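S.K.: generate a structure from the sequence data that follows.
(one chain, ligands or ions: 1)
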Amino acid sequence: MDAFVINGGNTLGGSIEINGSKNACLPLMAAALLGDQPITLHHVPRLADISNMLNLLERLGCSIDEHDSGDGRSITLYAEDESLSLAPYDIVRTMRASICVLGPMLAKRGEARVSMPGGCAIGDRPIDLHLRGLRALGAEITLDGGDVVARVPASGRLRGNTVFLGGAFGPTVLGTANVMSAATLAQGTTVIEAAACEPEVVDVARLLNSMGARIEGAGTPRITVHGVESLGGAEHRVIPDRIEAGTYVLAAAITGSRLRLTNYPADALIAAQDQFERMGVCVRAADGPDADPLRRTVEAWREAAVRPTTVSTQPHPGFPTDLQAQLMALACLADGNSVITERIYEQRFLHVAELSRMGASLFRQGSTVVVSGVEQLVGAPVMASDLRASASLVLAGLAAEGETVIRRVYHLDRGYEQMEQKLRTLGAKIERVDERDLAPVPG
Ligand code: EPZ
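M.R.: Purely as a prediction, here's the structure:
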């Protein structure tokens with residue numbers, strides 16, 4: 001397994017291009033299962049999760065053609081063989097987002113068998129809302145040996161319906177994508193109430209509509225889908241990754257640097273921008289008034305001392321849970337106390353103990369952490385856990401005095417393309433090493 005060795009304290013500089021969104025790509029790729037023709041996705045990031053999804057789609061009869069289109073990586077997917085409809089545990093257990101093939105495969109092939117995703121480091125990851133939504137469309141769903149087995153009704157086709165998809169923790173992003181995708185081929189009209197409003201859901205709706213679907217209201221809590229007989233192919237450019245973008249803004253802030261970010265999805269980061277400004281972090285446009293609001297060029301820097309903040313994570317358009325750990329790293333160096341509450345995944349605090357090892361002053365009470373700002377973080381050996389907690393440790397390591405060693409960085413590789421290389425080009429002292437080459441951690 002790999003580790004990062006970071007020597008902190010360097011000021012960064014230069015420009016970074018934000019990749020295509022991991023969390024848009026996964027359901028976008030699954031949409032290939034719905035079409036009678038190939039789809040081509042542009043600006044696809046090189047990530048472990050994307051590789052896992054490609055592996056899964058191949059197992060489900062998709063042909064894959066990769067090429068570099070000058071606009072980053074392009075992938076053409078074509079569901080040639082529809083005889084295979086099992087998403088096996090060995091793939092699903094490594095990536096719970098595999099569940100997003102359930103709706104498309106059910107709607108197009110009439111049946112789907114997807115291994116139940118296990119929990120993960122940030123908590124239970126139930127799929128009850130996914131199943132409730134598909135059952136509302138007439139799907140017959142049973143559990144068999146750890147697999148979800150879904151079949152269309154005797155009529156041979158799902159039927160449109162009105163379904164409420166809200167859960168105890170708000171809407172479900174992949175659940176909305178699953179039900180919206182399945183509804184495109186249902187008989188009649190589907191209304192999804194309490195739909196997730198995330199930009200990634202909007203991106204999936206855009207692709208599906210370009211394939212011939214009739215989806216209205218994506219990005220609002222009510223999505224209406226008028227079923228059609230079939231979907232064709234399409235080309236689509238993946239929206240930029242708003243979480244990667246926010247992470248690099250925080251890298252500029254925590255190191256007291258000024259960075260230029262291109263392909264920055266400003267319009268998908270308004271709640272994050274609000275928090276950045278509260279904490280004294282500036283993100284300003286460096287392009288013209290005609291720029292695509294989801295693909296801006298901006299400059300990010302910190303004005304003076306980091307100011308404390310109070311924030312709760314919320315479904316979009318609220319502050320995203322996927323930036324909570326990274327914002328906490330910055331708050332560790334604020335002039336005062338911050339209060340951070342996690343309302344989406346109440347256990348999403350694996351970074352707290354690790355940041356504390358680096359000298360942060362954190363007090364957790366349930367789903368809230370009080371962050372007492374300190375003068376300086378100190379490098380230490382720490383352990384990566386989930387994807388975004390790992391990013392938080394990288395940010396802390398960039399600012400800390402001395403050496404930080406982050407083990408198990410495979411978590412990072414799931415969602416950040418070549419993070420250490422990007423940071424090195426900006427002037428960070430960060431190396432990827434084999435953990436076996438590291439000195440044993442004392443004690
Ligand atoms: C997506 O996961 C993202 N992943 C997550 O990003 C993100 O944290 C999450 O949305 C919330 O924004 C991808 O898009 C691949 P949910 P998803 O269904 O769709 C509960 C990252 O770091 N829930 O919106 O799986 C659930 O437990 C990852 O990039 C149910 O109760 O999340 C959670 O508390 C981590 N029943 C809340 O809803 C269900 O059937 C939101 O989950 C489904 C979800």
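
S.K.: okay, CA-based contacts and neighbour counts for the rest of this
M.R.: Will do.

S.K.: how long is stretch 261-280 from one end to the other?
M.R.: Criterion Cα to Cα, to the nearest Å; first-to-last residue distance in stretch 261-280 is 18 Å.

S.K.: what sits against residue 190?
M.R.: The contact partners of residue 190, taken as Cα atoms under 8 Å, 6 or more residues apart in numbering, are 160, 161, 162, 163, 183, 224, 225, 226, 227.

S.K.: for it, grab phi and psi.
M.R.: For residue 190, the backbone dihedrals are phi -120, psi 140 (criterion: degrees, to the nearest 10).

S.K.: what are the bridge partners for it, then?
M.R.: residue 225 (DSSP bridges).

S.K.: what residue ranges in the stretch 101-250 of the chain score low on pLDDT?
M.R.: 118-121, 123 (pLDDT under 70).

S.K.: return the residues of it in contact with the ligand.
M.R.: Residues of the stretch 101-250 of the chain lying close to the ligand by Cα under 6 Å from any ligand atom are 124-130, 167, 169-175.

S.K.: which of the contacts of residue 190 sit farthest apart?
M.R.: 163 and 227 (14.8 Å; Cα to Cα).

S.K.: I'd guessed residue 222 sits against residue 195; true?
M.R.: Yes: judged on Cα atoms under 8 Å, residue 222 makes contact with residue 195 at a distance of 5.8 Å.

S.K.: of those two, who's got more company?
M.R.: Each of residue 222 and residue 195 has its neighbours counted (other Cα atoms under 10 Å); residue 195 has more, 29 against 19.

S.K.: what helix or strand is that one on?
M.R.: Of the helices and strands defined by DSSP states H and E, none includes residue 195.

S.K.: quick check on it: phi, psi?
M.R.: Per degrees, to the nearest 10, the backbone of residue 195 is at phi -70, psi 150.

S.K.: quick one, what contacts it?
M.R.: 164, 165, 166, 171, 172, 173, 176, 220, 221, 222, 223.

S.K.: where do the strands sit along the stretch 101-250 of the chain?
M.R.: Listed in chain order, the strands of the stretch 101-250 of the chain (DSSP state E, counting those that start in this stretch) span 111-115, 140-144, 147-151, 162-164, 189-193, 214-216, 222-226, 234-237.

S.K.: out of the ones you listed, the one nearest residue 22 is which?
M.R.: Checking these against residue 22 by Cα to Cα gives strand 234-237 as the closest, at 12.6 Å.

S.K.: by contact count, what packs against the closest one?
M.R.: Using 3 or more Cα pairs under 8 Å, 6 or more residues apart in numbering; DSSP states H and E, the elements in contact with strand 234-237 are strand 39-42, helix 199-210.

S.K.: which strands or helices does the last one pack on?
M.R.: So that's helix 199-210. Packing partners of helix 199-210 (3+ Cα pairs under 8 Å, 6+ apart): helix 22-30, helix 173-183, strand 214-216, strand 234-237.

S.K.: what strand or helix carries residue 260?
M.R.: In the assignment (DSSP H and E), residue 260 maps to strand 258-264.

S.K.: residues in contact with the very next helix or strand once past that strand?
M.R.: Moving toward the C-terminus from strand 258-264, the next helix or strand (DSSP H and E) is helix 270-278. Here helix 270-278 makes contact (Cα under 8 Å, 6+ apart) with 246, 282, 283, 307, 308, 309, 311, 317, 318, 319, 320.

S.K.: recalculate using a threshold of 7 Å.
M.R.: With contacts defined as Cα atoms under 7 Å, 6 or more residues apart in numbering, helix 270-278 is touched by 282, 307, 309, 317, 318, 319.

S.K.: cool, and stretch 67-84?
M.R.: 32-33, 37-45, 60-66, 109.

S.K.: what subset of those is buried?
M.R.: Among these, those classed as buried by 16 or more other Cα atoms under 10 Å are 32-33, 37-45, 60-64, 109.

S.K.: so who does the one residue sitting closest to the centre of the chain touch?
M.R.: In the chain, the C-alpha closest to the average C-alpha coordinate belongs to residue 23, at a distance of 3.9 Å (Cα atoms, centre = their mean). Residues near residue 23 by Cα under 7 Å, 6+ apart: residue 200.

S.K.: and residue 76, its phi and psi?
M.R.: The phi/psi pair for residue 76 (degrees, to the nearest 10) is phi -110, psi 130.
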